[in-house]
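# sharing a model prediction with you, sequence too.
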Amino acid sequence: MQDYDYIVAGGGSAGCVLASRLSEDSRNRVLLIESGQRDTDKYIHIPATFFKVLEKGRDALFYASEPEQGLNGRPSIVPQGHVLGGGSSVNAMVYIRGSRQDYDTWAQLGCRSWGYDKVLPVFRDLENNQRLSGEYHGATGELTVSDRAYGHPLSWAFIRAAQEVGIPYNEDFNGARQEGVGFYQTTTSRGRVAVRRRLICGRRRGVPT
């Protein structure tokens, strides 16, 4: 039996970062518990192959809603990560924080620490953006965020067509506004899924997994 100062339940994005931050102080003994396996499947680390991870089913759990009228009586299926890395290991890697209005509404409803101006410094602190920095973005955090390496001609044609009908171009969907058309940034680094960097960061700092 070993004693720990902190026990973090769940090795998803939040759990890995929290355990990593806590273990920066060498006096802390930190235990990270994840019921899934290590993130060894090659398709976890190759951008846009998350559907193969879901297809195998080993590293994901599938939750079903009650039958929904809008889906002709079918349930809505929501896959969740069951692996080290959590949802970050099984999603499409699009980096999108959500709407300012959503956060501010939560604050108005009583979750005062969830207002947009409260959470923005946290997002900024955790982010290692390869292009953007400043009011809305950080460049020294654990989570690498980068631009796509390639834009398909049809994707560019779609973006131009949207602008021609009056939709403004938006180069940063996590900036001052979300409206518009453009390419998303993703949680990738050098063509690989950036979650790997975050987990290695945690292991090097002595986080048991």
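Here it is on my side, so go on.
# can you give me the neighbour number for residue 150?
Using other Cβ atoms under 10 Å, residue 150 has 6 other residues around it. In this view, the C-beta of every residue, glycine as well, is placed from N, C-alpha and C.
# list the buried residues of the strand or helix carrying residue 154.
Assigned by DSSP states H and E, residue 154 belongs to helix 153-164. Using 16 or more other Cβ atoms under 10 Å as the test for burial, helix 153-164 gives residue 159.
# so what touches it?
With contact meaning Cβ atoms under 8 Å, 6 or more residues apart in numbering, helix 153-164 is reached by 169, 181-183.
# given the next helix or strand after that helix, what are its sheet partners and their directions?
Later in the chain than helix 153-164, the nearest helix or strand by DSSP H and E is strand 188-189. Strand 188-189 sits in its sheet next to strand 192-193 (antiparallel), going by DSSP bridges.
# picking that back up, now the contacts of helix 153-164: which count as buried?
Among those, the ones that count as buried by 16+ other Cβ under 10 Å are residue 181.
# go through the contacts of helix 153-164 and name the one nearest residue 136.
Distance to residue 136 across those (Cβ to Cβ) is lowest for residue 182, with 15.1 Å.
# residue 160 and residue 90, how far apart?
32 Å (Cβ to Cβ, to the nearest Å).
# re earlier: mean confidence for the helix holding residue 154?
The average of the pLDDT scores along helix 153-164 is 97.
# same thing with stretch 176-193?
89.
# got the contact list for that stretch?
By Cβ under 8 Å, 6+ apart, stretch 176-193 touches 44-47, 88-89, 93-96, 99, 129-132, 136, 143-149, 151, 155, 158-159, 162-163, 167-174, 194-195, 197.
# grab the nearest non-local neighbour of residue 62.
Take residue 62 and drop its neighbours on the chain: the residue closest to it by Cβ to Cβ, 6 or more residues apart in numbering is residue 79, 5.3 Å away.
# buried ones in the host helix or strand of that neighbour?
Element membership of residue 79 [criterion: DSSP H and E] is strand 77-81. Using 16+ other Cβ under 10 Å as the test for burial, strand 77-81 gives 79, 81.
# what helices or strands is that strand leaning on?
strand 60-64 (3 or more Cβ pairs under 8 Å, 6 or more residues apart in numbering; DSSP states H and E).
# distance from the chain centre to the strand it packs on, please.
Strand 60-64 has its C-alpha centroid displaced from the chain centroid by 18 Å (Cα atoms, centre = their mean, to the nearest Å).
# what pairs with it, parallel or antiparallel?
Take DSSP bridges as the rule and strand 60-64 pairs in its sheet with strand 77-81 (antiparallel).
# related to what we said a few turns ago, and the contacts of helix 153-164, which two are furthest apart?
169 and 183, at 10.0 Å, using Cβ to Cβ across these.
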